[in-house]
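Enquirer: Build the 3D model from these lines:
(one chain, ligands or ions: 1)
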Amino acid sequence: MVALDDCYNIHDLRDAARRRLPKGVFDFFDRGTEDEVALANNRAAFERIKLKHRALVDVSKRSMATTLFGKPVSMPMAIAPTGVAGMCWYHGELELAKAAAAAKIPFTLATGAMTPMEEIAEKAPGRLWFQLYVWEKRELSYELIERAKRCGFEALLVTVDTTVGPNREYNARNGFHQPFRLTRRATIDVMKRPRWVSTVLARYLMQGGLPKYENYPKHLQHSIRTDPNVHAIMKRDSLSWEDIKIFRKMWPGILMVKGINRPDDAVKAAEYGCDGIVVSNHGGRNMDSAVASMDALPEIAEAVGEKATVILDSGVRRGSDIAKALALGAKAVLTGRATLYGTSVAGQAGAMKAIDVIRKELDNTMAYCGCNRVDEITPDILFGYYGRNTAAQFVG
Ligand SMILES: Cc1cc2nc3c(=O)[nH]c(=O)nc-3n(C[C@H](O)[C@H](O)[C@H](O)COP(=O)(O)O)c2cc1C
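Expert: Purely as a prediction, here's the structure:
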């Protein structure tokens with residue numbers, strides 16, 4: 001058993017999560033799609049950026065606090081939506097949401113969460129964002145929007161990069177796709193992790209059955225073993241800008257589109273009234289040939305300017321990654337797997353550990369680069385960077 005104190009960074013938390021979760025569950029969280037090129041590129045894009053430290057600046061009073069959509073955050077980070085987080089810990093989303101509230105950063109609840117949004121709003125009253133997947137029968141999604149409104153969620157994030165179901169072959173091999181099939185292999189995997197069985201699976205079973213998609217409209221709520229096609233769950237290939245227009249009319253709060261990869265889409269999103277744009281390739285989980293978010297970011301930030309708030313995700317594992325994203329024009333980042341690894345190891349305490357690790361690393365990076373405030377993180381800290389147009393302008 002790994003103690004949280006033995007985890008010094010996100011990689012340690014990932015190793016600990018791997019030891020705790022059944023292989024099918026861990027792979028589902030951790031891996032990419034097809035040949036996992038996008039997954040690797042997300043990290044490579046961060047790693048090839050070098051920073052210049054600045055000497056002899058008094059940074060003894062530095063602060064990571066900033067604002068996001070006009071409201072304070074303790075650091076430029078929020079939690080990304082991750083469906084089925086409830087499989088890595090009993091009601092994992094709630095644990096993650098509580099950690100985010102305590103850390104004073106926003107939390108995004110996924111449509112595919114296993115904790116009802118009402119419970120999240122009641123027990124983790126921090127800044128709450130709701131991620132929306134859209135059903136072919138739009139009224140079903142409108143129902144969710146109204147529910148999120150009633151619960152007081154401040155932002156709606158519409159995910160626009162999952163036009164069709166991704167090709168994650170390992171999930172099929174592990175028996176961990178939808179519907180979840182208890183194959184011989186999956187059964188052996190699960191039996192090898194008795195602690196996960198007793199602390200996660202058994203708790204759901206004692207509460208009345210396998211975990212369910214608690215935020216789906218009532219008549220569609222089904223367990224992970226039900227074939228989603230039975231209910232024509234989420235057919236997203238008809239989603240278009242017309243939908244964004246409707247969401248804008250329905251949602252009075254902050255509206256974001258998540259999964260933007262090109263400047264023209266980003267500008268269009270701002271024109272359609274979106275307050276925020278999440279530059280994301282879904283953590284390398286959807287289209288394997290997708291450009292890394294960090295490579296797409298400079299052009300997008302340049303094109304959007306002040307028209308909307310640009311946020312980045314996909315590949316953030318270190319605090320220095322946040323500094324790099326901010327230097328290239330993002331206002332904040334979202335973390336998906338990084339905070340999920342922590343949750344998988346120790347629920348709220350583990351999620352808190354992941355946030356703290358990243359926070360400390362960002363603080364160090366700011367100190368090295370001579371930045372006292374988040375708005376002092378500019379392209380000036382980047383090595384070999386000549387302009388704000390494309391990542392290709394990096395030397396080396
Ligand atoms: C296990 C898992 C489930 C996810 N589920 C969703 C989801 O339901 N909706 C969504 O918009 N994005 C989802 N994402 C993508 C994340 O919101 C985010 O874009 C991605 O994880 C960022 O990359 P990172 O994991 O490298 O930080 C999921 C990611 C993971 C790892």
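
Enquirer: List the contacts of residue 215.
Expert: 109, 111-113, 116-117, 144, 147 (C-beta atoms under 8 Å, 6 or more residues apart in numbering). C-beta here means a position set from N, CA and C on the backbone, and glycine is covered the same way.

Enquirer: In the stretch 151-300 of the chain, mark out all the helices, start to finish.
Expert: Using DSSP state H, counting those that start in this stretch, the helices of the stretch 151-300 of the chain run over residues 169-174, 184-191, 194-196, 202-206, 241-250, 263-271, 293-304.

Enquirer: Helix, strand, or coil at the residue located most distally from the centre of the chain?
Expert: The C-alpha centroid of the chain is most remote from residue 56, which lies 36.3 Å away (C-alpha atoms, centre = their mean). Under DSSP: H, G, I helix; E, B strand; the rest coil, the three-state class of residue 56 is coil.

Enquirer: got a list of what it touches?
Expert: Neighbours of residue 56 in contact, by C-beta under 8 Å, 6+ apart: none.

Enquirer: and it, what are its phi and psi?
Expert: Per-residue torsions, residue 56: phi 60, psi 50 (degrees, to the nearest 10).

Enquirer: Pull the most distant pair out of the contacts of residue 215.
Expert: 112 and 147 (14.7 Å; C-beta to C-beta).

Enquirer: Which of these two has more residues huddled nearby?
Expert: Ranked by neighbour count (other C-beta atoms under 10 Å), residue 112 and residue 147 place residue 112 first, with 22 against 17.

Enquirer: What pLDDT does the model give that one?
Expert: What the model reports as pLDDT for residue 112 is 91.

Enquirer: Tell me the spacing between it and the ligand.
Expert: As judged by C-beta to the nearest ligand atom, to the nearest Å, residue 112 and the ligand stand 5 Å apart.

Enquirer: thought that residue was touching residue 213?
Expert: Yes - the pair residue 112 / residue 213 is scored as a contact, 5.7 Å apart, by C-beta atoms under 8 Å.

Enquirer: Enumerate every residue touching the residue in the stretch 151-300 of the chain that the ligand sits nearest to.
Expert: Proximity of the stretch 151-300 of the chain to the ligand (C-beta to the nearest ligand atom) peaks at residue 283, 2.6 Å away. Neighbour list for residue 283: 32, 39, 42, 80, 313-315, 336-337 [criterion: C-beta under 8 Å, 6+ apart].

Enquirer: List the ones among these that fall in helices.
Expert: Under the assignment DSSP state H, the contacts of residue 283 contribute 39, 42, 337 to helices.

Enquirer: shaky segments in the stretch 51-200 of the chain?
Expert: The stretch 51-200 of the chain contains residues with pLDDT under 70 at 177-182.

Enquirer: The residue of the stretch 201-350 of the chain found nearest the ligand: how many residues sit nearby?
Expert: Taking C-beta to the nearest ligand atom, the ligand has its nearest neighbour within the stretch 201-350 of the chain at residue 336, 2.0 Å off. Neighbours of residue 336 under the rule other C-beta under 10 Å: 22.

Enquirer: surely it meets residue 80?
Expert: Yes - between residue 336 and residue 80 there is a contact under C-beta under 8 Å: 4.1 Å.

Enquirer: Could you tell me which residues touch both of these two?
Expert: In contact with both residue 336 and residue 80: 283, 313, using C-beta under 8 Å, 6+ apart.

Enquirer: Contact residues of the protein facing the ligand?
Expert: 29, 42, 80-83, 110, 112, 131, 159, 258, 280, 282-283, 285, 313-316, 335-338 (C-beta under 6 Å from any ligand atom).

Enquirer: Try it again at 5 Å.
Expert: For the chain, the residues in contact with the ligand (C-beta under 5 Å from any ligand atom) are 29, 80-83, 110, 112, 131, 159, 280, 282-283, 313-315, 336-337.

Enquirer: Isn't residue 196 up against residue 19?
Expert: No - counting by C-beta under 8 Å, residue 196 does not reach residue 19; the two are 10.2 Å apart.

Enquirer: List the contacts of the nearest residue to residue 23 once chain neighbours are set aside.
Expert: Distance criterion C-beta to C-beta, 6 or more residues apart in numbering; nearest residue to residue 23, sequence neighbours excluded, is residue 189 at 4.6 Å. Residue 189 sits next to 22-24, 174 when contact means C-beta under 8 Å, 6+ apart.
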